[in-house]
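Chemist: Can you look at this prediction? I've put the sequence above it.
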Amino acid sequence: MGKITLKSVRKSFGETHVIPGIDLDINDGEFVVFVGPSGCGKSTLLRLIAGLEDTSAGVIEIDGTDATALPPAKRGLAMVFQSYALYPHMTVRKNIAFPLKMAGLDQAEQDRRVTHAASILNLSSYLDRRPGQLSGGQRQRVAIGRAIVREPSAFLFDEPLSNLDAALRVSMRQEISELHQSLKTTMIYVTHDQVEAMTMADKIVVLNAGRIEQVGSPLDLYRSPANLFVAGFIGSPKMNFISGAEAQRQGCATLGVRPEHIDIAPDGPWQGTVGLAEHLGSDTFLKVDAGALGTLTVRASGEVALSHGDKIRLQPQPDKIHRFDTDGKALR
Amino acid sequence: MATKASRSAARLMMAPAVILLLGWMLVPLVMTLWFSFRNYLPLRGGDQGFAGFDNYVRFVTSSAFWPAIGATLTIVLGALIITIVLGVLLALLLDQPMWGQGIVRILVIAPFFVMPTVSGLVWKNMFLDSVNGLFAQVARMFGATPVEWIIDQPFASLILIVSWQWLPFATLILLTAIQSLDREQLEAAEMDGATAWKRFWHIILPHLSRAITVVLLIETIFLLSIFAEIKMTTAGAFGTKTLTYLIYQRVLESQNIGLGSAGGVYAIILANIVAIFLMRIVGKNLDR
Amino acid sequence: MARSISQRRKTINTVLAWSLGLLIFFPILWTILTSFKTEGDAIAYPPKFLFFDWTLENYAIVQERSNYMRYLWNSVIIAGGSTLLGILVAVPAAWSMAFVPSRRTKDILMWMLSTKMLPAVGVLYPIYLLFIKLGLLDTRTGLVIVLMLINLPIIVWMLYTYFKEIPAEILEAARMDGAGLKDEILHVLTPMAIPGIASTILLNFILAWNEAFWTLNLTAAQAGTLTAFIASYSSPEGLFYAKLSAASTMAIAPILILGWFSQKQLVRGLTFGAVK
């Protein structure tokens, strides 16, 4: 249940080749996150898996069966849309029951499953309200409830948290992760937010212009990015990239080192002047003008008494330096 | 979802509407064209043979033609100017804060929903009639001689009636357009020191220009073919025979079908010219 | 600096707007009032505004004479029938244009709108002839067909705009939930589109009721509508203002009331989306 395989899947809209070709394996029970910048094709890929768009070429297999020509209703998948897409003229109860009604289940069974889903998601007291009377977070849960009752082989999430405010996003993120732990169903989750990707995923698929840049666990991608794009996309604040003389000295075209892997050391090899200092209390972020090395972002733990104009010396942790060749690929 | 199945279903579902309108447009149009090229006088025995372009020539050279054009232009332009100018002013007023705005809107909108025949007859008799009409009575109260509106001022009368009917339309459209104007633009202008007049001239009016154009075009199309109001008031007399009324008379009253049909073709061409401009604006909007 | 709208300005606006509103509404008001006067009072000088002997006799007289009920019934049937027929034809067309658009959809839509701009007088005789041949002259059926055809573009257009406002994601969600085409239209689309369909019916009923070209020229005693009924007052005998007022009030009252509810629809339906 919930094993999805993509073989040479391509998608073009007229002359635009949105997805030139993708091969991907998703295992049963995995929480896979498609992440990438706007327009990279992650939503398109999700919709191809859902059946809402036809592939231009390639095969989509769901649990071993070729599902490429199947309509969405017959693929056994459930989708949670970015705008929730709730039926405004139906109550919460009817919204959640709709897929069961379409499947022809009898009323008693429908009621049982709706009540069960509602209790998992804390919706029991809202069952007779209309979507218009609910808050964003509650609507989100109704959308999830509608997906749960179908007991699908996999859940598809299309940027479900983008319409929520920051605090709600954090709590909903955790709820979805907990849901995954209890249901153990495959979940494919699309987002442009790499924090969501890192915190929720078993496996991250980084996409750029319709191509897979790298597939791996969050920490794999953090520790060993395969190329410049992944290195710069994963991790916040962004990795520092240094080219020119210093890079050549270390034997590559571009050097990469994360802000949290640069220490402030009185005898460090690099030196510079502090431009901007951001004091968060828990961390301090420094923007350092390091001359030929460019502008470096440095993260220091706790409170550091540095400010604009101070001269400092920096020591990059030697085992945390990444090297990239002229094509942007990582050198091992 | 544009699968093959849904595409052919879609084509099937569009078919009745398309076929009906195609028929509605083509069949009478072709017949009118046919008649326009023939000498067709039902009262004198019917179809009397091919007439070439005779009807077309006769129509524009007849002594009634240019006066008809003049009448049409007078009424249409008069109504357009009054409805648009007053429409803009009324719309601006209705956009201001006030009490009971909803009710005022209802009062202003009402004339548009009055049947044209009622409009024509009520105005002609109860207001403009020189003996018992209200205008005449008010004039008498001030010691003036009442005006024979229908007879002496037929165009003013018709323009008055038609403007009264269409002012609500213009006002409603323009009010909708004004209310879609971003308030913050006006506030920014105010902070930049622009007076109320300058704000109107440089911000509100340009924003309204698209709506004014639409009102202009749509009203023109409908005003070109007004009929009942004329029939109920002057019946085309006193020089108020518009193009539409002239054709109507040729066809149904004097029964010169060939001539009337040629006139009809002219009217269709005229309306289509206006329609092309309107459709361009509509088309641009559809792309949004 | 906080700014409150001055009470004085608000008052001025209110007085100005109400004066103009009442001025514009006055002819209708006068007609309604006159319908309750005796014929003598109707032409009284100086004119009587509110203080006269109110009477219902005009309404009685109008209804007795000239088959008023038949004209009324014809208006209802023709306006209602043409609107409903139009809806039946237009809903499928609008659905397909809104949800399965092709490259030609926009052109077809614009072509449909352009047929509305055909001057009626240009095709008067052919229609007249056709009606005679088909025996449709002075029949309700004939008029239902004609009015349906002239309003069809507006009905299709309005339904199209309402359908387009339904978020595509909701229909996609229905598909993911296992709904086939029939289920999608029945359980999701139609309930969401009902307000739009109702608005369209409202505006088109009004337009058909007030139509005064074909209803005057294609009907006589049998299928005449209220537009024709009123027209019969154009050659009066004797004093008739009060009776005309009563007849007029009865003819326009239903539409005035319906019209008050349909302002938004008016903008949407008659400007073809060129003004939002």
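Modeler: Now that the structure is in, tell me what you want to look at. Residues are numbered from 1 along each chain as shown, chains lettered A, B, ... in the order given.
Chemist: residue contacts, the closest residue to residue C:216 other than its chain neighbours?
Modeler: Spatial nearest neighbour of residue C:216, chain neighbours left out: residue C:228 (5.8 Å); criterion: CB to CB, 6 or more residues apart in numbering or on different chains. All C-beta spots, glycine's among them, are computed from the backbone N, C-alpha and C. Contacts of residue C:228 were listed using CB atoms under 8 Å, 6 or more residues apart in numbering or on different chains, and they are B:117, C:71, C:215, C:216, C:219.
Chemist: any chance of those in TSV, plus secondary structure and pLDDT?
Modeler: Output for those, formatted as TSV (DSSP: H, G, I helix; E, B strand; the rest coil; pLDDT from 0 to 100):
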residue	secondary structure	pLDDT
B:117	helix	89
C:71	helix	87
C:215	helix	88
C:216	helix	87
C:219	coil	85
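Chemist: Can you tell me which of those residues is nearest residue B:64?
Modeler: Using CB to CB, residue C:216 comes nearest to residue B:64 of these, at 21.7 Å.
Chemist: list the contacts for that closest one?
Modeler: B:117, B:227, B:228, B:231, C:227, C:228, C:231.
Chemist: what sits against the fourth one?
Modeler: Yep, that's residue B:231 we're talking about. Contacts of residue B:231 (CB under 8 Å, 6+ apart): B:120, B:245, C:216, C:231, C:234.
Chemist: which of those residues has the most neighbours?
Modeler: Greatest neighbour count in the contacts of residue B:231, by other CB atoms under 10 Å in any protein chain shown, goes to residue B:120: 29 neighbours.
Chemist: Roughly how far does residue A:167 sit from chain B?
Modeler: In this view, residue A:167 and chain B are 29 Å apart by CB to the nearest CB, to the nearest Å.
Chemist: Can you name the residues that contact residue A:291?
Modeler: Here residue A:291 is in contact with A:271, A:272 (criterion: CB under 8 Å, 6+ apart).
Chemist: do the one 5 residues further on as well
Modeler: Neighbour list for residue A:296: A:240, A:242, A:259, A:262, A:270, A:272, A:287, A:288, A:290, A:314 [criterion: CB under 8 Å, 6+ apart].
Chemist: quick check, it in a strand?
Modeler: Yes: counting by DSSP: H, G, I helix; E, B strand; the rest coil, residue A:296 is part of a strand.
Chemist: That one pairs with what?
Modeler: residue A:288 (DSSP bridges).
Chemist: TSV for the contacts of residue B:231, including secondary structure and distance to residue B:16?
Modeler: Below are the contacts of residue B:231 laid out as TSV (DSSP: H, G, I helix; E, B strand; the rest coil; distance: CB to CB, whole Å):
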residue	secondary structure	distance to residue B:16
B:120	helix	36
B:245	helix	35
C:216	helix	28
C:231	helix	34
C:234	helix	39
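Chemist: from those residues, which is closest to chain A?
Modeler: The shortest approach to chain A among the contacts of residue B:231 belongs to residue C:216, at 42.8 Å (CB to the nearest CB).
Chemist: quick one: that closest one and residue A:144, what's the gap?
Modeler: 62 Å (CB to CB, to the nearest Å).
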